[in-house]
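Novice: Make a model of this:
(chains A and B)
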Amino acid sequence: KAGVTQTPRYLIKTRGQQVTLSCSPISGHRSVSWYQQTPGQGLQFLFEYFSETQRNKGNFPGRFSGRQFSNSRSEMNVSTLELGDSALYLCASSPGQGVDTQYFGPGTRLTVL
Amino acid sequence: AQSVTQLDSQVPVFEEAPVELRCNYSSSVSVYLFWYVQYPNQGLQLLLKYLSGSTLVKGINGFEAEFNKSQTSFHLRKPSVHISDTAEYFCAVSSSGGYQKVTFGIGTKLQVIP
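Specialist: Got it, this is the predicted structure:
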């Protein structure tokens, strides 16, 4: 099976812009979770989607949003970018039943100038 | 609420020496515990997990971890490290509840010295 793919791998934006990141889970996986990774804060949970519904949410402002499509692919959107949003954004997929092993993609490196 | 504490931000160790990476957790309910490894410019890869049963868990690449409920710890060990083990290691906890909400520790950078 193909692994989790994330596009784009690298992105440079300026403050105030918005950005959309994409994640394609492993075939058959229905749960997609998003994490923000920064040197100072480590990995922080953004949200999880299961069958097109947001099932769980972390403590991030409303500028961070996501959605999941019927084929389980997920997008994450950040509006009104701030310098502090520069990070590696990781997506993880799992079958979605109970506590499963999460399989991570390589991440999207977002730089905000 | 659940939390994870990784007590060491960096651990240098000589090649072929043993290593222990420490992890403590807190949770008000039953937990599931994980160790992940992240190589430079890559995503995270699962090393091992504890869901239930035997408290000694064996993972990939010769790593193992022991779940200690009384000490709320899940330390990762390897008897003999290789240069290729140089990476960042993350401990993570997920509470029972039927859905994914995983809390990660801040990470421990393992540097293997030739």
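Novice: contacts and neighbour counts: CA atoms only from here.
Specialist: Fine.
Novice: got the contact list for the most centrally placed residue in chain A?
Specialist: For chain A, A:Trp34 is the residue whose C-alpha lies nearest the centre (CA atoms, centre = their mean; 3.3 Å). A:Trp34 is in contact with A:Phe45, A:Leu46, A:Phe47, A:Glu48, A:Met76, A:Tyr89, A:Leu90, A:Cys91, A:Ala92, counting by CA atoms under 8 Å, 6 or more residues apart in numbering or on different chains.
Novice: give me the element it is part of.
Specialist: Per DSSP states H and E: A:Trp34 is located in strand A:31-38.
Novice: tell me which parts of chain A are close to chain B?
Specialist: Within chain A, the residues that sit near chain B (CA under 8 Å from any CA of the partner chain) are A:33, A:41-45, A:48, A:55-56, A:90, A:96-107.
Novice: Which residue is the nearest non-sequential neighbour of the residue nearest the centre of chain B?
Specialist: Geometric centre of chain B, nearest residue: B:Trp35, 3.4 Å, by CA atoms, centre = their mean. Distance criterion CA to CA, 6 or more residues apart in numbering or on different chains; nearest residue to B:Trp35, sequence neighbours excluded, is B:Cys91 at 4.6 Å.
Novice: what ranges do the strands span in chain A?
Specialist: Applying DSSP state E to chain A gives strands spanning A:5-7, A:10-13, A:19-24, A:31-38, A:42-50, A:53-57, A:64-68, A:74-78, A:87-94, A:103-104, A:108-112.
Novice: which parts of the fourth one are buried?
Specialist: Pointing back at strand A:31-38 there. Residues of strand A:31-38 classed as buried: A:Ser31, A:Val32, A:Ser33, A:Trp34, A:Tyr35, A:Gln36, A:Gln37, A:Thr38 (neighbour count, 16 or more other CA atoms under 10 Å in any protein chain shown).
Novice: Likewise for the second one?
Specialist: When neighbours are counted by 16+ other CA under 10 Å, the buried residues of strand A:10-13 are found to be A:Lys13.
Novice: Let me know the average pLDDT across it.
Specialist: Mean per-residue pLDDT for strand A:10-13: 96.
Novice: The first one too?
Specialist: For strand A:5-7, the mean pLDDT works out to 97.
Novice: Paired strands for that strand, with orientation please.
Specialist: Applying DSSP bridges to the sheet, strand A:5-7 is found paired with strand A:19-24 (antiparallel).
Novice: and the strand it pairs with, how far from the chain's centre?
Specialist: The chain centroid and the centroid of strand A:19-24 are separated by 7 Å under CA atoms, centre = their mean, to the nearest Å.
Novice: what sits up against that strand?
Specialist: A:4-8, A:13, A:72-79, A:81, A:91, A:105, A:108.
Novice: buried subset of these?
Specialist: Buried among the contacts of strand A:19-24 by 16+ other CA under 10 Å: A:4-7, A:13, A:72-76, A:78, A:81, A:91, A:105, A:108.
Novice: What is the burial count for B:Ser54?
Specialist: Close neighbours of B:Ser54, defined as other CA atoms under 10 Å in any protein chain shown, add up to 9.
Novice: Roughly how far does it sit from chain A?
Specialist: Going from B:Ser54 to chain A by CA to the nearest CA, to the nearest Å gives 18 Å.
Novice: confidence score at that residue?
Specialist: Reported pLDDT for B:Ser54: 87.
Novice: Over to B:Tyr32?
Specialist: Per-residue confidence at B:Tyr32 stands at 88 (pLDDT).
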